[in-house]
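1. For reference, the sequence and a predicted model appear below.
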Amino acid sequence: MKRSFAFLGLAGAALALSVAGTRDVHAIPPPIVVNDEAIMGDGFPRMLAEFGFFNRIDGRVPTGRVIAYELNTPLYSDGADKLRYIYVPEGAKITADGDGLLQFPVGTAIIKTFAFGEGDDQRFIETRVLLHRADGWTALPYRWNADQTEARLALAGARVPVTRPDGEEISYRIPNKNQCKTCHSMDDAVVPIGPKARNLSPALLAELVERGSLDAVPDVARPMPVWGAEDAKTAPLARAYLDVNCAHCHQPGGGASNSGLDLRWEQDDPFALGVRKPPVAAGRGAGGLLVSIEPGEPDKSILVHRMNSTEPGVLMPELGRSTINHEAVELMRDWIEEMEQ
Amino acid sequence: MIRITLAAALLASSATAWAETHTITPGEGAQERLQEALILAEPGDTIMLEAGRYALTDGLSLDVDGVTVRGAGMDGTVLDFTGQEGSGEGLLVTSDNVTLRDFALENPKGDGIKSKGADNIVYYRIRVTWTNGPDPANGAYGIYPVESTGVLVDGAKVTGASDAGIYVGQSSQITVRNSIAEANVAGIEIENSRNALVEHNIATRNTGGILVFDLPGLPVMGGGNVIVANNLVVANDTANFAPPGNIVAGVRRGTGIMVMANEGVLIEDNIIDENPTAPIMVIAYTLEFDDERYNPMPRDVVVGSNLYGRGGDDPQLDGAEMLLAAFGGSLPPVMWDGLGSLYTVEGTPGWSLNLPEQGKGTGAAQPSPLNVPAPATEFDRTGIGAPAELDDRIG
C-alpha cells in the first residue's frame, strides 16, 4: 500500500515536469543513469546526487540497475529504518562465496539510507555509500538537508537531533569517514558487512542471478533467521544478532580482535563467544561483572550489561548506537538464561 | 645506478616539498574541522592544534600513515572530552608511522588515545587526565597502543585511569620512558608484549606502579624480554579503584613493580620506596585457565640491584599481621609466589610464598625467606626497545 503511494507521488511529479517541459521540448530531462566514474574515481563526490543512484525528482526512487534489498537480521541503528540498495555495473558479475559475503566486482556500490518516520512523515537523515574502487572499498557518509532535497558529503560526520516515531528525542550520530572504516574493517581493509548470502533472502539471490548480476545462487546450509519472525528460535536469533551487530569488530582481524572475543555466526567455541571469558580491556565497561557470558545468569554477563547501557565507554557497539534495543537485550537475556550451567 | 640514486633523491625531496601543515583552532565547529583535517591529511602532513581548549562531543580518529598531530604543549592544547557523547576513546589511530605530540586529552569517556595495529607510533609529551582524580567511572586506559610493532612513549603524563595510565598490549619493540603515571590503578602496564624497555619514568600514587603481565585467552601471548630500569616507583598507595572484573582489580594497593607470568624480565636500578604491600612482586598467573598456548609461570625473571626504601610495611595480603610479625615489622622487598624461575643479585632480601602449584590460590602457602640463585648470565638486551628511527622524530 505504501509503495503504491510512492509511485503515485512519482507519477504526479513526472507529470508536473512534463507540463513544465512543454515550453521547450528539449528540456525533458534525460533518464538518470548511474555515474560509474563517480564510483570508480578517486574523489569524494560532494553530493549524493552525483552518483545518480536515485531519480532526482525526490532522490528516493532508485534508478534502473539499482536494486533494493533487505537483510534477514539487520544492524540496529537507534531504531532507524534502512533502505538498502546494491548497484553492479553492466557486464560485471558478483561471485557467490558459500554462505559468506558476496564477492562484489569493482564498480559495485552498496547504498544505505537511514530514515525515521512512516509514509509521508518519513525523513531521511543520512545515506552511506560503499564504493568498490580499483584499490579497494571506500566508505562515505552523506547527510540529507532539512528540506530533504539533497544529501551532502559529511566527511567529519555530524550529530543530528532526531525525534523517533515513539517520541524519544535522540542525538543521532552520522559517523565520520574513519568511523565507517572502524566497523567496515578487516585486516585493515574496508569491506562490506551486511550482504552475506546467509543473511539475504533466497528470492533476492535468485533475482540477482536472473538479472545476470550473480554467477550462481550460493549454497546456504544455515540461513540466518528473519528478525521479527514469530517462529524464530532464541539461540539462532541471538547468534544472528551478535554476528550482525558485533562480529564486524569482534573477530580475528576485526577492530576488537585484541579482546579475543569472536562473535561470528560460524564460531562454535563457547569461550571465544564469551562463555565464562574474563574481560581484557573492558575497563569500567565490565560493570563489576567477571565474564562476558555466565550461562544461566544474564545479570552476571558483561554482554548484557554493555548492550543495556547508553553510556560512552560502557555501551556496545561503541559506534552507531545511542539508545537501547530492548528487544535485543531481552533476546540475549533469554538466550543466556537457556544456556546449560 | 646513478639514475636510481637520483630518482630516490627526487622522491625524498618531493615528499618533503609536498608535506603540508594544516592549522586548527579551537572554537565553533572544532569537532568537524579537526576530524576533517585528520581524514584529508596526506602522508607527511602535520596537523597543528593551536593553543586552547577544544570542546569535543565525539571521538576523533586518524587513519592516514605518516601524519603528525602536534599541539602547543600538554598544558596549552587541551582536547576536552568532558561532554563526549559517543565512541569508545578520545582519539583512535589505526595507521602507521604516526607522531602525536604536545597536546592533552581531558576526561575521555572511555580510553584516552588508542592506537591499534598502528606500527611505529610516537607519543611525545602527551597528557591524559581525568580531572576528578581516582574514580571507577573514569576511562580505562590513558595511552593505549595495542597490536603494534614499534611504540615510543616519551614525556607523557597520565592521571586517573581506572585501569592503566600507560598500557601497551599485544605489541613488540616498545619504549616507555621519561613519563609520569600518577593516581591510576596501574601506572604503566606492559601486557602480552615483547621487547619492551620501561625506563626513567615516575610511577607514583597508583595502586600498582609498573606491571608486566602475560594473560591467557588473547590473540597475542608469550610476553617477555622486558627491562624495567631506572624508574622512580614511589608511594603507590592509592586504594584499588578499578571496576571489578578487570585483571588489575586484583592488584594490591601498595605494589611497586609486579611481574605476572612472562619470560625474561630484568628489574634493575630502580628507586622503589613507600610501596606498602610489595616493592617488587613476581608471581604466576593466579587463576585457572584453559588455553594450551599459554604458560602461566614467570620464567627467567631477574631482579638486579635496586634502591629499596620503606616498603612491605602495610601489606594488603592475607595473614598480613602474622607475616609482619614473622618478618620483623615489614616484609622484605622482593615477594615471589615460588612458581617459575627467579634470580636475584646477591644481597637482595625477599620472601617466598612457596606455592606448590599454579591457579590454586594461596591456601597452601608456606612463607619463608627468599632463597634463589644469582643470575648466571648477563641479561640479553638485544632487540629490546623501540626502533631507533622513532627517536629521530622527536629530535
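-> Looks like it came in fine. Residues are numbered from 1 along each chain as shown, chains lettered A, B, ... in the order given.

2. For the rest of this, base every contact and every neighbour count on C-alpha atoms.
-> Noted.

3. Which phi and psi values does residue B:274 adopt?
-> Summarising the backbone geometry of residue B:274 under the convention degrees, to the nearest 10, its torsions are phi 60, psi 50.

4. Count the neighbours of it for me.
-> Neighbours of residue B:274 under the rule other CA atoms under 10 Å in any protein chain shown: 24.

5. Could you pull up the contacting residues of it?
-> B:234, B:235, B:236, B:237, B:254, B:309, B:310, B:311 (CA atoms under 8 Å, 6 or more residues apart in numbering or on different chains).

6. And residue A:274, by the same measure?
-> If a contact means CA under 8 Å, 6+ apart, then residue A:274 has A:261, A:262, A:291, A:292, A:293 as its contacts.

7. quick one: which two of those are the most distant?
-> Farthest-apart pair in the contacts of residue A:274 is A:262 and A:291; separation 14.2 Å (CA to CA).

8. Compare neighbour counts for the two and give me the winner.
-> Under the criterion of other CA under 10 Å, the comparison of residue A:262 against residue A:291 puts residue A:262 first, with 27 against 21.

9. Run through the residues that contact the residue of the stretch 251-395 of chain B found nearest chain A.
-> Of the residues in the stretch 251-395 of chain B, the one nearest chain A is residue B:290, at a distance of 9.2 Å by CA to the nearest CA. For residue B:290, the contact set (CA under 8 Å, 6+ apart) comprises B:216, B:217.

10. how near is it to residue A:262?
-> 16 Å (CA to CA, to the nearest Å).

11. Report the spatially closest residue to residue A:88, excluding sequence-adjacent ones.
-> The shortest distance from residue A:88 to any non-neighbouring residue, by CA to CA, 6 or more residues apart in numbering or on different chains, is to residue A:108 (4.6 Å).

12. Show me which residues of chain B sit near chain A.
-> For chain B, the residues found near chain A under the criterion CA under 8 Å from any CA of the partner chain are B:31-33, B:35-36, B:39, B:61-63, B:84-89, B:109-111, B:136-141, B:146-147, B:162-163, B:170, B:217-220, B:242-247.

13. Tell me where the model's unsure across the stretch 1-150 of chain A.
-> Across the stretch 1-150 of chain A, the ranges flagged by pLDDT under 70 are A:1-31, A:56-59.

14. In it, which residue sits nearest chain B?
-> For the stretch 1-150 of chain A, the residue closest to chain B is residue A:44, as judged by CA to the nearest CA, at 10.5 Å.

15. That residue belongs to a strand?
-> No - assessed with DSSP: H, G, I helix; E, B strand; the rest coil, residue A:44 is coil; it does not lie in a strand.

16. check contacts around it.
-> Applying CA under 8 Å, 6+ apart to residue A:44 gives the contacts A:140, A:153.

17. how about a cut-off of 6 Å?
-> Contacts of residue A:44 were listed using CA atoms under 6 Å, 6 or more residues apart in numbering or on different chains, and none were found.

18. now do residue A:285
-> Residue A:285 sits next to residue A:314 when contact means CA under 6 Å, 6+ apart.

19. does it sit in a helix, a strand or a coil?
-> Going by three-state DSSP, the secondary structure assigned to residue A:285 is helix.

20. So it versus residue B:162, what's the distance?
-> 11 Å.

21. where in chain B is pLDDT low?
-> By pLDDT under 70, the low-scoring segments of chain B are B:1-17.

22. Is it possible to mark the buried ones in the contacts of residue B:274?
-> Of all those considered here, the ones buried according to neighbour count by 16 or more other CA atoms under 10 Å in any protein chain shown are B:234, B:235, B:236, B:237, B:254, B:310, B:311.

23. Is the fourth one in contact with residue B:208, as I believe?
-> No - counting by CA atoms under 6 Å, residue B:237 stays clear of residue B:208, with 7.7 Å between them.

24. hang on, the residue of the stretch 251-395 of chain B closest to chain A in a helix?
-> No - when the secondary structure is assigned by three-state DSSP, residue B:290 falls in coil instead of a helix.

25. roughly how far apart are it and residue B:216?
-> Using CA to CA, one gets 8 Å for the distance from residue B:290 to residue B:216.

26. And the helices in the chain, which stretches?
-> Using chain A here. A:2-21, A:36-40, A:177-183, A:202-210, A:234-245, A:302-307, A:326-338 (DSSP state H).

27. think we crossed wires, I meant chain B
-> Assigned helices in chain B, in chain order: B:2-18, B:30-40, B:320-326, B:389-392 (criterion: DSSP H).

28. next one: the second one to chain centre, how far?
-> Using CA atoms, centre = their mean, to the nearest Å, we find the averaged C-alpha position of helix B:30-40 to lie 29 Å away from the chain's own average C-alpha position.

29. what residues does it touch?
-> Applying CA under 6 Å, 6+ apart, the contact partners of helix B:30-40 are A:156, B:56, B:62.

30. Contact residues of chain A facing chain B?
-> Within reach of chain B by CA under 6 Å from any CA of the partner chain, chain A has these residues: A:156, A:260, A:283, A:284, A:288, A:289, A:290, A:312, A:313, A:318, A:319.

31. Make TSV from those residues and add neighbour count and pLDDT to it.
-> Below are the residues of chain A next to chain B laid out as TSV (neighbours: other CA atoms under 10 Å in any protein chain shown; pLDDT from 0 to 100):
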residue	neighbour count	pLDDT
A:156	25	91
A:260	23	89
A:283	31	76
A:284	23	77
A:288	19	84
A:289	22	90
A:290	20	89
A:312	26	82
A:313	29	81
A:318	22	86
A:319	20	86
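
32. Show me the two of those that sit farthest apart.
-> Taking every pair in those and measuring CA to CA, the maximum separation is 36.8 Å, between A:156 and A:290.

33. Okay, strands next: where are they in the stretch 251-395 of chain B?
-> Ranges of strands in the stretch 251-395 of chain B, per DSSP state E, counting those that start in this stretch, are B:255-260, B:263-268, B:271-273, B:278-283, B:299-303, B:307-308, B:334-336, B:342-344, B:350-352, B:368-369.

34. can you redo these as JSON lines with mean neighbour count?
-> Putting those into JSON lines (neighbours: other CA atoms under 10 Å in any protein chain shown) gives the following:
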{"stretch": "strand B:255-260", "mean neighbour count": "28"}
{"stretch": "strand B:263-268", "mean neighbour count": "23"}
{"stretch": "strand B:271-273", "mean neighbour count": "23"}
{"stretch": "strand B:278-283", "mean neighbour count": "28"}
{"stretch": "strand B:299-303", "mean neighbour count": "22"}
{"stretch": "strand B:307-308", "mean neighbour count": "18"}
{"stretch": "strand B:334-336", "mean neighbour count": "25"}
{"stretch": "strand B:342-344", "mean neighbour count": "22"}
{"stretch": "strand B:350-352", "mean neighbour count": "22"}
{"stretch": "strand B:368-369", "mean neighbour count": "16"}
